[in-house]
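[1] Model the following, please.
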Amino acid sequence: MFARSVGLSLLAALGVQGAPWKPSGPPTVTVKNGTYVGFHEPSYGQDIFLGIPYAQPPVGDLRFRVAQPLNETWEGTKAA
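    This is a model prediction of the structure:
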């Protein structure tokens with residue numbers, strides 16, 4: 001009886017793990033300005049997008065002022 005329940009538990013544990021998922025290509029996200037390409041981090045199992053700007057850079061007249069929305073659009077993709 002004990003061996004049977006241990007065997008079933010082992011079978012269930014092996015069945016739950018399954019094969020690791022591999023992405024077919026880099027992750028992309030489309031926002032109203034254009035499309036960004038990120039990367040997949042396998043150790044966390046997450047798609048990651050780094051460095052997506054949310055406002056215009058604070059240079060010149062924009063220095064020390066309220067952030068201004070990003071006002072550029074593009075065709076194709078940008079790396080994030």
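
[2] Show me the helices in this protein, by range?
    All helices of the chain, identified by DSSP state H, fall at 2-17.

[3] got the residue ranges for the strands in the chain?
    With strands called from DSSP state E, the chain shows them at 28-31, 34-37, 39-41, 46-48, 77-79.

[4] Pick the most deeply packed of those strands.
    Mean neighbours per residue, mean count of other Cβ atoms under 10 Å, is largest over the strands of the chain for strand 34-37, with a mean of 16. In short, each C-beta sits where N, CA and C put it, glycine included.

[5] which residues touch that one?
    26-30, 49, 52, 73-80 (Cβ atoms under 8 Å, 6 or more residues apart in numbering).

[6] Recalculate using a threshold of 7 Å.
    Strand 34-37 is contacted by residues 26, 28, 29, 49, 52, 73, 74, 77, 78, 79, 80 when judged by Cβ atoms under 7 Å, 6 or more residues apart in numbering.

[7] So what sits opposite the most centrally placed residue in the chain in the bridge?
    The centroid of the chain falls nearest to residue 47 when counting by Cα atoms, centre = their mean (2.3 Å). As for beta bridges, residue 47 partners with residue 40 under DSSP bridges.

[8] which residues touch it?
    Contacts of residue 47 (Cβ under 7 Å, 6+ apart): 27, 38, 40.

[9] Recalculate using a threshold of 10 Å.
    Applying Cβ atoms under 10 Å, 6 or more residues apart in numbering to residue 47 gives the contacts 23, 26, 27, 28, 29, 38, 39, 40, 41.

[10] Check whether residue 72 really touches residue 53, as I assumed.
    Yes - the pair residue 72 / residue 53 is scored as a contact, 9.3 Å apart, by Cβ atoms under 10 Å.

[11] what touches both of these two?
    Taking Cβ under 10 Å, 6+ apart as the contact rule, the neighbours common to residue 72 and residue 53 are residue 33.
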